[in-house]
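1. Turn this into a structure:
(one chain, ligands or ions: 1)
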Amino acid sequence: SQPATQVLANTATGLDASVLIIGAGFSGMAMAIALQKAGVDFIMLEKGSDVGGTWRDNVYPGAACDVPSHMYCYSFEPNRWSRSFAAQPEIFDYTKNVAQKYQLYPHVRFNVEVTGAHYNDDNCTWQVDTASGQQFRARTVVSARGALHIPSYPNIKGLHDFKGVTMHSAKWDHSVDLQGKRIAVIGTGASAIQVVPEMAKVASELYVFQRTPAWVLPKADFAFKEETKDKYEKSLLARKWYRNKIYWILEASAAGFVIDPRIMKYGQKLAYKNLQRVKDETTRAALTPNYTMGCKRVLLSNNYYPAFNQDNVRLVGGGVTEITENSVKANGQDYPVDVIIYCTGFDVTNQANQFDITGKHGKSIQTHWKNGMHAYLGISSYDFPNAFFLLGPNTGLGHNSIIFMIESQASYIAQALKYMKKHKLNTLEVKQEAEDGFVREMQKQSDKSVWKSGCNSWYLDETGRNTTLWPSFTFMYWLKTRSFDPSRYTSEKKLPRLNPIK
Ligand code: N01
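-> The predicted structure is shown next:
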């Protein structure tokens, strides 16, 4: 469905575009739409063959969103959602429809995997390298790569010895027939609780290998009636009221995450009640978490717990110790299986090693982040002029819709670029004092959050610092990013000659 015409290089300046956006998922698309409005030209580089990012890639059975659908969409582009929590195909379709409506497809170079981005001190531009060897140049680069896209596999003895089928939740192979197979699911996080009920329907034997039990709340998931869909489609007021209601309910729950974890005991009561759906007492006890709710992501499901009441489903606690040619070992026991499904999450806190970025004077992002990831507002880093991150350090969420954060960031960056254009600036670089101050603020706020209440999670880095999540209410982030503040940045006006692209 993608049009063949592409937006062509700006040969007058020798640049491919003023702005290169890396990634065409939810965040890259929001950025592109914000730039269209701001009148700034751009192109997008996308490693996949369509837009949609995580919702294009995560196609495992049961994949759905655990944020209400009317909150998990752009505020400026509502949708006639079929249910209160949309499933993956509907969200993927939504992203494609938005891309069509805003005519983003001609701006996207598909199947272009970016391997690195390098700042050129001489002419204040960014050169972006790709896996195919093709290079792109722009005044500004925006990383919209998303945080959760590099599958993480556990460091278990014998991992590569297994002779059966292996899959990761984020790399599902639908050509494999799972009917009647003995299946192991490793992990019990957000992906696993959606995969497990689906595997329970087809497996002859399903073993769920759990290292840490999760807090699971019931999910208010239902199909919208046609009249409700009509109402939200026709009435802007009804839609806004509904969206705002959800927003403030989620925001109120943030108090337990970021102000006082003791508040989480009310949620825990609800989750205990949900857990009673598991009939077997031993299984129920093994599924009972032993840390404060919210320390790891709170999960929502109506069919995860009931799956354990099926005769073909067995919970194996204690973590996996070894994988052999035909089995998974845990607690000294051997569990022979045909298929292993890794629901073991993503490589998140080590993002510096995933992408080769060098800023001023060849400084690498690894050097900049040697003590952990950080950026001013999660968006800008000193020594990396004309570069912006979407969903950068400390802007992930554990309690509300990430689309809210994305829109705040896209609007802020678009304002910054408009400012550059208006003042004919060649560089815009955040001041070190602004970034350092922001880092101190993030760590201070994180210290009282539930994520520091004593559990291991992908939210914390190896030194125990929260460098991934926004440790406050989301409206506070909106307040901080609402208007671009040039006093936090330095800029240069020199106009170097731009070499033509070879
Ligand atoms: O990954 P995870 P995920 N041996 O990292 C276990 C988003 N998301 O893909 O808790 C045994 O949460 C690990 O155990 P433990 C969402 O932001 C959103 O499920 O570390 N087990 C854990 O149980 C989410 O937070 C939706 O002890 C091992 C699991 O693997 C993020 O994606 C849906 C192990 C990993 O859980 C990641 O979720 C799905 C080992 N060696 C995902 N290593 C929505 O609905 C790891 N584990 C929007």
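
2. contacts, neighbours, all on C-alpha from now
-> Fine.

3. What residue, apart from its backbone neighbours, is nearest Tyr376 spatially?
-> Nearest non-adjacent residue to Tyr376, counting by CA to CA, 6 or more residues apart in numbering: Glu435, 4.4 Å away.

4. so the one you found sits in a helix?
-> Yes. Judged by DSSP: H, G, I helix; E, B strand; the rest coil, Glu435 forms part of a helix.

5. what about it, neighbour count?
-> By other CA atoms under 10 Å, the residues close to Glu435 number 21.

6. I'd like the distance between it and Leu237.
-> 39 Å (CA to CA, to the nearest Å).

7. Could you do Asn290 as well?
-> Note on Asn290: its distance to Leu237, by CA to CA, is 43 Å.

8. Show me how far stretch 74-89 is from its chain's centre.
-> Mean-position distance between stretch 74-89 and its chain equals 17 Å (CA atoms, centre = their mean, to the nearest Å).

9. Would you mark the buried spots in that stretch?
-> Tyr74, Pro78, Asn79, Arg80, Trp81, Ser82, Arg83, Ser84, Phe85, Ala86, Ala87, Gln88 (16 or more other CA atoms under 10 Å).

10. Next, the contact list for the nearest residue to the second one once chain neighbours are set aside, please.
-> Excluding the flanking residues, the one nearest Pro78 by CA to CA, 6+ apart is His70, at 7.2 Å. If you count contacts by CA atoms under 8 Å, 6 or more residues apart in numbering, His70 has them with Pro78, Asn79, Trp81, Ser84, Tyr242, Arg243.

11. Can I take it that His70 is in a strand?
-> No. Read with three-state DSSP, His70 is coil and lies in no strand.

12. Quickly note the distance from it to the ligand.
-> To the ligand, His70 is 13 Å away according to CA to the nearest ligand atom, to the nearest Å.

13. Please tell me how far that residue sits from Thr282.
-> Relative to Thr282, His70 is positioned 39 Å away (CA to CA).

14. Now, the buried residues of stretch 74-89 that are in helices?
-> Gln88 (DSSP state H).

15. neighbours around His149, how many?
-> Number of residues near His149 (other CA under 10 Å) recorded here: 17.

16. any weak-confidence spans in this protein?
-> Scanning the chain for pLDDT under 70 picks out the ranges 1-13, 349-354, 494-502.

17. Recalculate using a threshold of 80.
-> Residues of the chain meeting the criterion pLDDT under 80: 1-14, 348-355, 493-502.

18. What are the boundaries of the helices in it?
-> Ranges of helices within the chain are 26-38, 54-57, 88-101, 192-202, 226-234, 236-258, 264-275, 281-286, 304-307, 365-368, 402-422, 432-447, 474-481, based on DSSP H.

19. who wins for proximity to the ligand among these?
-> The ligand sits nearest to helix 192-202 of all the helices of the chain, at 5.5 Å, using CA to the nearest ligand atom.

20. now the strands: where do they sit in the stretch 251-400 of the chain?
-> All strands of the stretch 251-400 of the chain, identified by DSSP state E, counting those that start in this stretch, fall at 299-300, 313-316, 322-323, 327-330, 333-336, 339-342, 356-358, 387-389.

21. will you turn these into a markdown table that also has distance to the ligand and mean neighbour count?
-> Shown next, in a markdown table, are the strands of the stretch 251-400 of the chain (distance: least, CA to the nearest ligand atom, whole Å; neighbours: other CA atoms under 10 Å):
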| stretch | distance to the ligand | mean neighbour count |
| --- | --- | --- |
| strand 299-300 | 8 | 21 |
| strand 313-316 | 10 | 20 |
| strand 322-323 | 9 | 20 |
| strand 327-330 | 10 | 20 |
| strand 333-336 | 14 | 15 |
| strand 339-342 | 7 | 23 |
| strand 356-358 | 24 | 20 |
| strand 387-389 | 18 | 26 |
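
22. Tell me which stretches of the stretch 1-150 of the chain form strands.
-> Using DSSP E, counting those that start in this stretch, the strands found in the stretch 1-150 of the chain span residues 17-22, 42-45, 108-109, 114-120, 125-130, 135-143.

23. who does the shortest one touch, helix- and strand-wise?
-> Using 3 or more CA pairs under 8 Å, 6 or more residues apart in numbering; DSSP states H and E as the contact test, the elements touching strand 108-109 are strand 42-45.

24. Check which helices and strands the strand it packs on sits against.
-> Strand 42-45 packs on strand 17-22, helix 26-38, strand 108-109, going by 3+ CA pairs under 8 Å, 6+ apart.

25. With respect to Lys101, which of the ones you listed lies nearest?
-> Proximity to Lys101 (CA to CA) singles out helix 26-38 among the helices and strands packed on strand 42-45, at 10.4 Å.

26. For the chain, which residues are neighbours of the ligand?
-> 64-66, 154-156, 186-192, 210-212, 297, 319-320, 343-345, 457-458 (CA under 6 Å from any ligand atom).

27. hmm, which of the residues you listed are the buried ones?
-> 64-66, 186-192, 210, 212, 297, 320, 343-345, 458.

28. hang on, the earlier thing: in a markdown table: the helices and strands packed on strand 42-45, plus mean neighbour count.
-> Below are those laid out as a markdown table (neighbours: other CA atoms under 10 Å):
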| stretch | mean neighbour count |
| --- | --- |
| strand 17-22 | 26 |
| helix 26-38 | 22 |
| strand 108-109 | 24 |
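
29. closest to Tyr94 out of the ones you listed?
-> Using CA to CA, the helices and strands packed on strand 42-45 put helix 26-38 closest to Tyr94, at 10.1 Å.
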